[in-house]
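Student: Can you look at this prediction? I've put the sequence above it.
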Amino acid sequence: MTSNHAFYLYAAVMLLAGLGIPVMAALNGGLGAKLQNPALATTILFVVGGLLSIVYLIASGSLPKSVPTHIPVYYYFGGAFVIFYILTITWIAPKFGVGNAVSFVLLGQIVSMAAIDHFRLFGAPYNPVNLVRFAGLILMVIGVFLAVRR
């Protein structure tokens with residue numbers, strides 16, 4: 001696969017993943033509201049997700065024979081960020097609106113991704129915040145605020 005084809009394939013897959021985030025927020029926010037318990041809704045989401053991950057791991061044949069021990073411990077804390085996101089979106093989206101909640105999550109992602117790429121955090125490839133990229137980031141920030149404006 002050429003790098004151009006890979007770019008479009010990766011972009012399409014991530015676009016689909018992005019389309020799923022507001023759907024997940026709406027579904028889990030609704031579940032949390034109906035249960036009157038965002039923490040229980042979050043737990044249910046992770047049980048279902050965990051079971052599906054295990055099924056995929058086994059079905060794909062990617063079950064490792066051992067876990068490497070040389071991985072820095074901070075790489076294992078991604079789950080804490082996912083828990084925080086799911087708990088907050090489940091609690092806030094029904095009150096604030098899925099669109100508003102996801103828009104500000106997007107804003108946080110924009111700021112975070114620029115910092116991670118610019119400072120090469122967590123082994124990310126270097127993609128500096130130059131003038132053109134900074135202008136694009138500012139336009140995205142403005143776009144988020146225009147999208148949620150009432």
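Tutor: Arrived safely.
Student: Give me the average confidence score over the one helix or strand Val105 maps to.
Tutor: In this assignment (DSSP states H and E), Val105 forms part of helix 98-119. Mean pLDDT, helix 98-119: 94.
Student: Who are the packing partners of that helix?
Tutor: Identification of packing neighbours for helix 98-119 by 3 or more C-beta pairs under 8 Å, 6 or more residues apart in numbering; DSSP states H and E yields helix 3-35, helix 78-96, helix 131-148. Every C-beta, even on glycine, is put in place using the N, C-alpha and C of the backbone.
Student: give me phi/psi at the residue located most distally from the centre of the chain?
Tutor: Distance from the C-alpha centroid of the chain peaks at Lys65, with 28.3 Å (C-alpha atoms, centre = their mean). With angles defined as degrees, to the nearest 10, Lys65 sits at phi -80, psi -30.
Student: Outline the domain layout of the chain.
Tutor: 1-96, 97-150 (automatic domain parsing).
Student: Give the ranges of residues in the protein that sit below the confidence cut-off.
Tutor: For the chain, applying pLDDT under 70 flags the ranges 1.
Student: So what's the residue count around Phe104?
Tutor: The number of residues packed near Phe104 is 15, by other C-beta atoms under 10 Å.
Student: What of Asp117?
Tutor: There are 16 residues near Asp117, going by other C-beta under 10 Å.
Student: Likewise for Leu45?
Tutor: 20.
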